[in-house]
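Colleague: let's see this in three dimensions:
(2 chains)
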Amino acid sequence: MKRVDHVGYSKKFIADEKHIQFHDKRLWALRTDRDTEVHGIVEWEELRSLASGIKEHTLTHLADYLAEFERNATSNGVVVHWAKDAEEHNRIVYDILTNRKAKVLVKSKSMLTEECEMRPYLEERGITVVETDLGEQIQQLDDEMPAHIVVPSVHKLATDVAKIFSRTIGTDPNESRIPALAEAQRQSTRPLILNADAGMTGCNFAVAETGGVTVCTNEGNADLSSNVPSLHIASIGIEKLIPKLEHLGVFIRMLSRNALGSPITQYTSHFRGPREGGEMHFVLVDNGRSERLGMEDFWYSLKCIRCGACMNTCPVYRRSSGLSYGGVYSGPIGAIINPTFDLKKYSSLPFASTMNGSCTNVCPVRINIHEQIYKWRQIIAEKNELPFVKKEAMKVAGVVLSSPTLFRAAIKSADTAVAILPRAVLYNPLNVWGKHREVPEAPEQTFRDWYLERNKK
Amino acid sequence: MKVALFIPCFINAFFPDVGIATVELLERFGCEVVYPLDQTCCGQPMGNSGCERDAKATEDLFVRNFVGYDYIVAPSGSCVHHIRDHMTAGEQTPELRAVRANTYELVEFLHDVLKVKDFPWAEFPHKVGLHNSCGTLRSLRTAKMSEIEEPFFSKPMALLQNVKGIEFIKPDRPDECCGFGGTFCVTEEPVSAQMGADKVRDHKRNGAEYIVSADSSCLMHQQGCADRLELGLKFIHIAQILNGARA
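Modeller: Numbers count the residues shown, from 1 in each chain, chains lettered A, B, ... in the order given. Predicted coordinates for the structure are as follows:
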């Protein structure tokens, strides 16, 4: 698989002044709204520790909690399925739909179904899939992946959406007022929901002791999708388990506050069993999670509750957009999750970071994201997935910097001190530094020479 | 008190004045400053690139240069962060562990070890924006971080505020990364330059004449951006102000 070109994409994104300015400001506003909201809770840091502890406990007893969840869900009348990978997940969903002769599936947003690439799988087989979340539908209509976990089309301006809607749902291309666009989407989607054969949701939390799932949304579309049709399928990553209902009190308090700076999502919906005459199916999906759970340095990433706060705070993400990460998960969390799916394809992502650590500070479950980024870099280098130039440069740097005489010779031999910078940092053409930056002036004397001269006196 | 001075490779080559100010400042407080002559680098460029293996020989050399000193001081937060948190390429010998534990960033050393507050020789009647590098802020923990609600503290500000005439401006995003990021500054040039430009504009907009930092690498990058944008901002290392640099 081809390596994701984060630099190339970000370059294009940055060249568009209007988009990047909006994107950076919009996401920074989410970050500051989050600060205001969480700093008002004196026990916030304790909550983070508690949330992290609950997740670590669950993940280290995952098999037991999954079995408990299955038992309880089954006794609630839910049909529980197990999918070892994306393909199996998609096939299970397809089989459930065809058994009921369902042709139209309405769904709320789910990162897992994106991860499994379920939509194209079903569409190829004659099923119409409708994303009912506004942002997610914009992405579907524009044939793009979600660019953010929580606000999937945040990289688009209202004028972009106006163009997409005029092309796909027939609105006026010059109408870019947001309420009008939202209303138009609602009007075009409602009939699809009312006539759908099946509904699908993701899952924010799956509670082992009740066998129920909790879904947090802001548009009510998950409730419509799951309650209007008589068939409800929920796709659940196995890391979504929490042991007890009371633990929801920790996570629900944190999720929307940390994601958007709002005290709670508009809708927090709990699903426990099918309604009379209806069917409810839970598909529990592994798709690499067990393998990740076995990785000593990286299993912590499974604690993620998909709040997206690491993206909002990430200065690199804000200036390159989610699509630049080339995978379903983007931003800092994407940089540490995606390599577990395909190391080669996503080998550039851990380098799309300054390792500034802000992501780790906002993570509600205390994932050491920037430390994992550092560790992924070591693995990528070990597995020979570094670009050749960089690998060779580091070899040379390692030799030069470990030899005082070579080091001093390198400094002296450079035509100007300017040449030292990229040489010392990385053998790289000078013009890369100089594209948008002036080069520092060369001093007459190194510090070492000054020190020697001074000590002679 | 005997202090071994670590002057990182790029400060040695590019910013000798920062090294000189550090020596003079430590001497003002009665430290005997020793500069081991065979020092080169801490290994950070290789470690941060994923090439810890290539960093090992450099880290070994670092230990040979600095073993036996109770205090090793460097005017560079990111290098101290590497030494303290990431010097993990080789076996953790007692010598290596001692060197890692005895290494201090300059501000930390002045604030926590020497516990000095007064710089009567220093005067800097300018509006400055303080840039805390991410290494000093989130790893060495020399100041309050915006993401976490905790009582305000800032070691660099505690030192600087005793400099006569100095005035601090408040940027809109006080601890957003400036985008230097080591090799990131060249491998991810578009984002790095954009972050740098946004950073210096923020300081400029809020009235800064100078940007001051404990990290020359951030300053070098930001100065490159500010000069290209012709913002007329000036850049100075905290050691230089504390040592009494005038404009």
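Colleague: make it CA atoms for all contacts and neighbour counts henceforth
Modeller: OK.
Colleague: so for residue 159, what pLDDT did the model give?
Modeller: Going with chain A. The pLDDT attached to A:Thr159 in the predicted structure is 97.
Colleague: sorry, should have said chain B
Modeller: B:Leu159 is assigned 98 on the pLDDT scale.
Colleague: correct me, but it touches B:Lys115?
Modeller: No. Taking C-alpha atoms under 8 Å as the definition, B:Leu159 is not a contact partner of B:Lys115, at 9.8 Å.
Colleague: which of these two has more residues huddled nearby?
Modeller: Here B:Leu159 and B:Lys115 are compared on neighbour count by other C-alpha atoms under 10 Å in any protein chain shown; more neighbours surround B:Leu159, at 19 against 11.
Colleague: check which helix or strand residue 151 maps to.
Modeller: Because you didn't say which chain, this covers chain A. Taking DSSP states H and E as the criterion, no element holds A:Val151; it sits outside all helices and strands.
Colleague: switch to chain B, please.
Modeller: Residue-wise, B:Pro151 maps onto no helix or strand under DSSP H and E.
Colleague: please apply the same query to A:His19.
Modeller: helix A:17-39.
Colleague: could you give the angle of the helix or strand just after that helix to helix A:17-39?
Modeller: Tracing the chain past helix A:17-39, the next element assigned as helix or strand by DSSP H and E is helix A:44-60. Angle, helix A:44-60 to helix A:17-39, by axes from the mean of the first three to the mean of the last three C-alpha atoms, to 10 degrees: 100 degrees.
Colleague: counting contacts, what elements does helix A:44-60 pack onto?
Modeller: strand A:241-242, helix A:248-260 (3 or more C-alpha pairs under 8 Å, 6 or more residues apart in numbering or on different chains; DSSP states H and E).
Colleague: other SSEs contacting the first one?
Modeller: Okay, so that is strand A:241-242. Contact analysis of strand A:241-242 by 3+ C-alpha pairs under 8 Å, 6+ apart lists helix A:44-60, helix A:62-75, strand A:205-207 as its packing neighbours.
Colleague: out of those, nearest to B:Ser154?
Modeller: Across the helices and strands packed on strand A:241-242, the minimum distance to B:Ser154, taken as C-alpha to C-alpha, is reached by helix A:44-60, at 20.3 Å.
Colleague: break the chain into its domains for me.
Modeller: With no chain named, the answer covers chain A. Chain A breaks down into these structural domains: A:41-287, A:308-382, A:391-456 (assignment by automatic domain parsing).
Colleague: nope, chain B please
Modeller: Residue ranges for the structural domains of chain B, counted by automatic domain parsing, are given in the record as B:2-113, B:127-242.
Colleague: ok, the longest one near chain A or not?
Modeller: Yes. Domain B:127-242 reaches chain A (C-alpha under 8 Å from any C-alpha of the partner chain) through B:134-135, B:138, B:146-149, B:176-177, B:179-191, B:193-195, B:220-221, B:223-228.
Colleague: can you give me the strands for chain B?
Modeller: Under the criterion DSSP state E, strands of chain B are mapped to B:2-5, B:32-34, B:72-74, B:103-105, B:127-131, B:167-168, B:210-213, B:234-237.
Colleague: pLDDT weak spots in chain B?
Modeller: Counting by pLDDT under 70, chain B contains low-confidence ranges at B:247.
Colleague: which helix in it runs the most residues?
Modeller: In terms of residue count, the longest helix belonging to chain B (DSSP state H) is helix B:189-205.
Colleague: flag every buried residue along that helix.
Modeller: Buried residues in helix B:189-205, counted by 16 or more other C-alpha atoms under 10 Å in any protein chain shown: B:189-204.
Colleague: could you check the angle strand B:127-131 makes with that helix?
Modeller: Helix B:189-205 and strand B:127-131 are oriented at 140 degrees to each other (the same axes, to 10 degrees).
Colleague: and the host helix or strand of A:Val93, what other elements does it pack with?
Modeller: Per DSSP H and E, A:Val93 falls inside helix A:86-99. Using 3+ C-alpha pairs under 8 Å, 6+ apart, the elements in contact with helix A:86-99 are strand A:79-83, helix A:118-124, strand A:279-285.
Colleague: please identify the deepest-packed of the ones you listed.
Modeller: strand A:279-285 (a mean of 22; mean count of other C-alpha atoms under 10 Å in any protein chain shown).
Colleague: sheet partners, orientation included, of it?
Modeller: As defined by DSSP bridges, the strand partners of strand A:279-285 come to strand A:79-83 (parallel), strand A:231-237 (parallel).
Colleague: which other residues reach the last one?
Modeller: Counting by C-alpha atoms under 8 Å, 6 or more residues apart in numbering or on different chains, strand A:231-237 makes contact with A:93, A:110, A:112-113, A:197-203, A:206, A:225-226, A:274, A:278-286, all of which sit outside it.
Colleague: JSON lines for the helices and strands packed on helix A:86-99, including distance to A:Phe22?
Modeller: Supplementary listing: those in JSON lines, determined by distance: least, C-alpha to C-alpha, whole Å:
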{"stretch": "strand A:79-83", "distance to A:Phe22": "40"}
{"stretch": "helix A:118-124", "distance to A:Phe22": "30"}
{"stretch": "strand A:279-285", "distance to A:Phe22": "36"}
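Colleague: many thanks, I have nothing further to ask.
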